[in-house]
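Novice: coords below, sequence missing:
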C-alpha cells in the first residue's frame, strides 16, 4: 500500500475510532438522564480526550483535533445520533463493544507512533499510546460521576499496553510503518476480543483491605 | 473607545468574571462543609480553570494568570470573603447568578478571540471560547464530587456557544474588535438571562434509557 | 555539598517521594476493591500527576518523567508491591504517613524551584510548588470517586504553601540552592508533622450553609 493511501486509511480509521468512542460517551449521558449538551460534551471528551492529554504532554499543541474541523464534527454527529436514537443505539451494545475494541486498538498504536515521532523513548511512548487509548474513557467516567470502568477488572487497558509495546518494539526494526501499525493493532484487538469472549478479567486484590 | 482603554476595560471585566466564578466555587466548598483551603482551591479552579485548559490546549503557556499576580489574588480574595461571610453571600444568590452570566458571556468571547489570535480556525476557536466559559465550573463540580451542573438541562453552555459563534463570525468582517466582542458578549448574556427568567431548558433524552 | 552530589540527592529524594505517593494511590485502589491495573494507574497518577500539571502549565513539555524511564518504573513497582502485599502495607499506615509528609515537603520545594527556573514570578512559582505537591493526590481522589482528602480539614496543603513560600523568599537571597531547598523542605515537614501529632486542622465554615 502506498504511503499516501496508508495515511488516508489512518485518518479514516481515526475518525471511526473517535465516532465509536463518542457514541459510548453520549450513551453514558443518556443513561444518566443528562441533557443533549452533556451528550455532546461526554461524546467529545470520550472521542478526543485521550489524544488531547497525549498532545498536551508531548508538547504537540494545538492538538490535531483543533486544526481539522472533521475531528470536531464527528463527536457532534455521534452525540446527536445517540441522543435521538438512543433506544436503538442501546440495543447495538455488541456492535458498539466491537467497534470500541477497534478504536482502542487503533488509538494505542497511533498514539504510540505519534509520541515516538515527537522524540519520546520507547517506554514513555508506549505509555502515551495507552493514555491515548484509555484517557478519553476515563475522563468520560469521571465527568459523569462514575469510577472509571477500566478499573473494574474487565481487562481493557492491558490489550492497549500490549499493542503499544508491540508497536514500539517493531518500530526499532526495518519494517515499514504500515506493518508496525498493523501488528500492534492486531495484538490489541485479538487480546481484547478474546478477553470479551472468554470473560477474562484482571486480578482483584486478595484478602481483606484493612481500611 | 480608544484601543488602550478597551484593553483596560477587558482586563477589569476579566477580573470581575474571575471573582464571581471564584465565589461560586467557594460557595460549593462551604455548602459541602469543606475547609477554608477547599474554598481557595475550588474558587481558584472555577475562576481560572477554563482559561488554563484553553491556554494549555492552544500552546499559550504559561497561562496569563501565572504571569500576572492580580489574577491569583482575585480568587483568594473571593474565597476568603465567601468563607467568612457565606450566610450573607448565600442570600445574594440572584446577584451571583447575574454576575455569573456576565462572567460566562465575557469568557466565551475573550476565549474565542485569544484562540483566533493564536491561529486557530473559526470552529475550534469557538470551541475554545466555550471551554473557557464552562471549563472552570466543570472542574469545580468534578472536584467537589458533583455531576457538572451544566449537564442538567439548565441551558448554560448553549448561550456560551452562541456568543462564541457570533464572535468568530464577526471577526471575519471589518468591524473593530470592540464591536465584535460586544456583539458576542450581548448575544450570550441576553440568551442566558432569558433562559433564566423564562425557565428555558435543554432537551433531555426521551423514552426509557435501556441500561 | 558539591553541586552534582546535591543533584543526585534531589533525584533520589524525588524518586522516594514518587514511590510513597504511588503507594498511597495503589492503597486507594485496593481499598476500593479495584483491579491491579487501577493500582498502577492510581499509583502513577498520584506519584507523577502533580509534576505533570506543573510541567504542562509552565510549558516544560514533555515532563521529566516522560524522558527518564526510572520515573515510570517507580510507580509500577510501588503499585505491584502494594497490590500483592496490601495487608502488610496497610499496617504500615504510620510509616506511609511519615514518608508522605517527606514527599509533600520535597515536591513543594522542587516544584517551586523548577517554576522559578522557567521564569515564573515568585507568587505563581509558589503556587506551582503547591500544585506539584498536592495535584497528584487530588487526581487520585477524583479518579477513585472520592472528594479530595485535602479538602477535609486535615491541614495538608498549608504546609506545602509555607514550604513553597520559604523557598521563593530565600531564592531571592544569595544563599546556595541547597540551603534554600533545605529550609523550604524543613518548614513544610515540621509543620505537617506538628499538624499530624497535635491534631491541628484547617477552619471549617461556621454557621449553617444555606443551600
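Specialist: Yep, it's here. Because the structure is predicted, anything quoted here is derived from the model rather than measured. Numbering: from 1, shown residues only, chains lettered A, B, ... in the order given.
Novice: For residue B:9, see how far away residue A:147 is.
Specialist: Distance of residue A:147 to residue B:9, given as Cβ to Cβ, to the nearest Å: 45 Å. The way it works is simple: take the backbone N, C-alpha and C, and place the C-beta from them, glycine included.
Novice: Between those two, which is the more surrounded one?
Specialist: Neighbour totals were compared for residue A:147 and residue B:9, and residue A:147 leads with 17 against 13 (other Cβ atoms under 10 Å in any protein chain shown).
Novice: I'd guessed the more buried one sits against residue C:145; true?
Specialist: Yes: if you go by Cβ atoms under 8 Å, residue A:147 and residue C:145 touch, sitting 4.5 Å apart.
Novice: Now for those two: what residues contact both?
Specialist: residue C:32 (Cβ atoms under 8 Å, 6 or more residues apart in numbering or on different chains).
Novice: spatially speaking, which residue is in the middle of chain A?
Specialist: residue A:133 (3.3 Å; Cα atoms, centre = their mean).
Novice: Who are the packing partners of the helix or strand where it lies?
Specialist: Assessed by DSSP states H and E, residue A:133 sits inside helix A:122-143. Applying 3 or more Cβ pairs under 8 Å, 6 or more residues apart in numbering or on different chains; DSSP states H and E, we find helix A:122-143 packed against helix A:3-31, helix A:36-58, helix A:93-117, helix A:157-171, helix B:122-143, helix C:69-84, helix C:122-143.
Novice: Next, format these as CSV and append distance to residue C:24 and mean pLDDT.
Specialist: As requested, the helices and strands packed on helix A:122-143 are exported to CSV (distance: least, Cβ to Cβ, whole Å; pLDDT from 0 to 100):
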stretch, distance to residue C:24, mean pLDDT
helix A:3-31, 29, 84
helix A:36-58, 22, 95
helix A:93-117, 28, 90
helix A:157-171, 21, 95
helix B:122-143, 18, 95
helix C:69-84, 9, 92
helix C:122-143, 7, 95
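Novice: Highest mean neighbour count out of those helices?
Specialist: Mean neighbours per residue, mean count of other Cβ atoms under 10 Å in any protein chain shown, is largest over the helices and strands packed on helix A:122-143 for helix A:36-58, with a mean of 27.
Novice: Residue A:126 is in contact with residue A:112, correct?
Specialist: Yes: counting by Cβ under 8 Å, residue A:126 is a contact partner of residue A:112 at 5.7 Å.
Novice: who touches both of the two?
Specialist: A:164, A:167, A:168.
Novice: Can you redo those residues as JSON lines, where the extra columns are distance to residue A:71?
Specialist: Converted to JSON lines, those look like this (distance: Cβ to Cβ, whole Å):
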{"residue": "A:164", "distance to residue A:71": "21"}
{"residue": "A:167", "distance to residue A:71": "22"}
{"residue": "A:168", "distance to residue A:71": "25"}
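Novice: which one of the residues you listed sits closest to residue C:93?
Specialist: residue A:164 (35.4 Å; Cβ to Cβ).
Novice: so how far is residue C:93 from the closest residue to that closest one other than its chain neighbours?
Specialist: Here the nearest residue to residue A:164 in space, its sequence neighbours aside, is residue A:129; by Cβ to Cβ, 6 or more residues apart in numbering or on different chains that works out to 3.3 Å. In this view, residue A:129 and residue C:93 are 36 Å apart by Cβ to Cβ.
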